[in-house]
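1. task: produce atomic coordinates for the following.
(2 chains)
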Amino acid sequence: MTVGVPTIFAMGGGGFTMEPENPALDEFILSLSPRPIPRLLYLPTASGDQEANVAHFHNAFDHLHCETNQLSLFRLGATGAIPLRDYILSMDIVYVGGGSMRNLLAIWRAHGLDRILVEAWERGTVLAGLSAGAMCWFTGGISCSTGVPEVAPGLGLLPGSLSVHRDGEASRLPVFRDAVNRGELPPGWAADDGVGLVFKKDHFVRAVSSRAGAGAARVFPGGEEELDVQWLGDRTHAQAPPAPTPVDIREYREHRRRVGRG
Amino acid sequence: MESGNPLLDDYVVGLAAAAAGTDRPKVCFVPTASGDADHYIVRFYRAFPSSRCEPSHVSLFRRDRGSGIDGDIASHLLQQDLIYVGGGSVLSLLGAWKAHGLDQVLAECWRRGVVLCGLSAGSLCWFSEAVTAFHGSPERVEGLGLLPYGNCVHTNDANRHEEFRALVGAGEMGPSYGADDGAALHFVGRDLGHAVASRKDAKAFRLEGIGGEALETPLHVEYLGEQRRLAAA
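-> Numbers count the residues shown, from 1 in each chain, chains lettered A, B, ... in the order given. Model prediction:
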């Protein structure tokens, strides 16, 4: 357990699930903890704890200086049931994956995890995440959880708003601008894939990126202002050969192709 | 969807087919409690092939890439003959359903006569209250309340059985039904119609707290394999 300044690292996209060949943001997340070997927890709730994401997590972090853990809110793992609060509060970093923001928050609340994460943040556990796992910390964001981009409320640890995938999913930004202009969302930030924003307490501190040229902007009613984004340098490595796809996953993809929803 | 044992699936598809007056009922799988796990969805399509029904599934985690169905989820579910809810975490299931308004939609399906079924979390969810031990010690959770009783599953696990008895005995839960793995409770309206099983030794029972004690009444459970053996003879 860490005692430090409440820290949030919100990514517009990127990290091991989106750019497994580029560890820049993942390594940066580890550097946000003062611990030499931080206890790192992956929370893949927003994706429904997809096994592929958990495998990517271990590929990305098992060989780095950290202790890797993951928590499922759908299945009891090999460890069985665990006392949730003690477990979360024992972590130095919580890394929240992307997926459905609506499901993420509803499921956290159903398990009482929202309150525990707030407590962890106050005690100095670094909260990091991408996409749904980034917007969840703000007052609100733009989610596609029901199929189309729309305003979605977050936990409100950070007083502003966030829109993600500014370059990768262009349909969100106009909805975001509009919501900020109308006052439905407070002023906030829009971040490209590969860009992460560091917040200490509720103040924006700096922006970093894993991709040269990736950017982020401050968005307020009637205007935008590009941020200075520090590129973390070329950290890409030759991608390890992907693990073979399990037979049932192949069968499911076949099914999706057959019914025309590739 | 027990591996190699289709007895309960056959039973519930038979119910839906009879109610709808068709040979190929519309069956929709709702795998929310598993986080829409791919392998589980595949198992559903294996167990419910299009030769015996019109299968589909609804995903609540990837709606940005389509829900798995055409059109909106509510109208799709309301058109079904059978809705099959998979297992997993009942807390996550109910949380996600409420976030998408599915609690209301499923209640409406039930009122209109769609057969609702499910195992484990997919059983607990229909009752007023249920027992989950997801975070260690057993706790009472509130379900959708279509059935005004408590429910506990996997009661063939001796610990789970005892925990259930303790909750009901202490008055923390009202009159309740318990079911072992392989046993199923068939409610018609709010009343228990039959208890059936895919395994010979699977038990089901009613539990009531009386004077601080849990009074357990075994239910007559019909083993579906016997019926099939007789029918084949």
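2. what's the domain layout of chain B?
-> For chain B, automatic domain parsing gives the domain ranges B:1-119, B:126-233.
3. quick one: end-to-end length of stretch A:119-129, please.
-> 17 Å (CA to CA, to the nearest Å).
4. that older thread, pick the most deeply packed of the domains of chain B.
-> Stretch with highest mean neighbour count among the domains of chain B: domain B:1-119 (a mean of 19; mean count of other CB atoms under 10 Å in any protein chain shown). For every residue, glycine as well, the C-beta is placed using N, CA and C.
5. is any part of it close to chain A?
-> Yes: applying CB under 8 Å from any CB of the partner chain, one finds domain B:1-119 touching chain A at B:33-39, B:41-43, B:45, B:60-68, B:88-89, B:91-92, B:94-96, B:98-100.
6. pull the contacting residues for the residue of the stretch 101-250 of chain A found nearest chain B.
-> Residue nearest to chain B within the stretch 101-250 of chain A: residue A:110 (3.0 Å; CB to the nearest CB). For residue A:110, the contact set (CB atoms under 8 Å, 6 or more residues apart in numbering or on different chains) comprises B:91, B:92, B:94, B:95.
7. how much space between the second one and residue B:34?
-> In this structure, residue B:92 and residue B:34 are 9 Å apart, going by CB to CB, to the nearest Å.
8. list residues touching both of these two?
-> residue A:74.
9. for residue 122, give me its contacts.
-> Went with chain A since none was named. By CB under 8 Å, 6+ apart, the neighbours of residue A:122 are residue A:6.
10. sorry, I should have been clearer: chain B.
-> Neighbours of residue B:122 in contact, by CB under 8 Å, 6+ apart: B:30, B:33, B:84, B:85, B:86, B:87, B:93.
11. how about a cut-off of 10 Å?
-> B:29-34, B:83-88, B:90, B:93, B:116, B:153 (CB atoms under 10 Å, 6 or more residues apart in numbering or on different chains).
12. with residue A:164 instead?
-> Taking CB under 10 Å, 6+ apart, one finds A:10-14, A:98, A:101, A:129-135, A:141-144, A:172-173, A:176, A:189-193, A:195, A:216 in contact with residue A:164.
13. got any ranges where chain B has weak pLDDT?
-> B:66-68, B:70, B:227-233 (pLDDT under 70).
14. whichever residue of chain B sits closest to chain A: what's it in contact with?
-> The minimum distance from chain B to chain A, using CB to the nearest CB, falls at residue B:35 (2.5 Å). By CB under 10 Å, 6+ apart, the contact list for residue B:35 reads A:44-51, A:72-75, A:99-100, A:103, A:107, B:59-61, B:88-89, B:92-93, B:96.
15. what's the separation between it and residue B:63?
-> 14 Å.
16. give me the common contacts of those two.
-> A:100, A:103.
17. distance to residue A:66 added to the domains of chain B, as JSON lines?
-> Output for those, formatted as JSON lines (distance: least, CB to CB, whole Å):
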{"stretch": "domain B:1-119", "distance to residue A:66": "25"}
{"stretch": "domain B:126-233", "distance to residue A:66": "25"}
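18. wait, which of the contacts of residue B:122 is closest to residue B:73?
-> The closest of the contacts of residue B:122 to residue B:73 turns out to be residue B:30 (CB to CB; 9.5 Å).
19. what's that closest one sitting at in phi/psi?
-> Taking degrees, to the nearest 10, you get phi -120, psi 100 for the backbone angles of residue B:30.
20. correct me, but it touches residue B:60?
-> Yes: the criterion here is CB atoms under 10 Å, and residue B:30 meets it with residue B:60 at 8.3 Å.
21. now list whatever residues contact both of these two.
-> In contact with both residue B:30 and residue B:60: B:36, B:68, B:73, B:93, B:97, B:102, using CB under 10 Å, 6+ apart.
22. which of those residues sit farthest apart?
-> Among the shared contacts of residue B:30 and residue B:60, B:68 and B:93 lie farthest apart (CB to CB), at 16.6 Å.
23. wait, a helix at residue A:118?
-> Yes: under DSSP: H, G, I helix; E, B strand; the rest coil, residue A:118 sits within a helix.
24. what sits against the residue lying closest to it once chain neighbours are set aside?
-> Of all residues not flanking residue A:118 in the chain, residue A:157 sits nearest, at 6.5 Å (CB to CB, 6 or more residues apart in numbering or on different chains). For residue A:157, the contact set (CB under 10 Å, 6+ apart) comprises A:6, A:8, A:117-118, A:121-122, A:127, A:136-139, A:199, A:201-202.
25. residue B:34 too?
-> Per CB under 10 Å, 6+ apart, neighbours of residue B:34: A:48-49, A:74-75, B:40-41, B:86-89, B:92-93, B:120-122.
26. so which of these is the closest to residue A:36?
-> residue A:49 (29.1 Å).
27. contact partners for that closest one?
-> Contacts of residue A:49 by CB under 10 Å, 6+ apart are A:42-43, A:70-75, A:77, A:97, A:99, A:107, B:34-37, B:61, B:88-89, B:92.
28. that'll do, ta.
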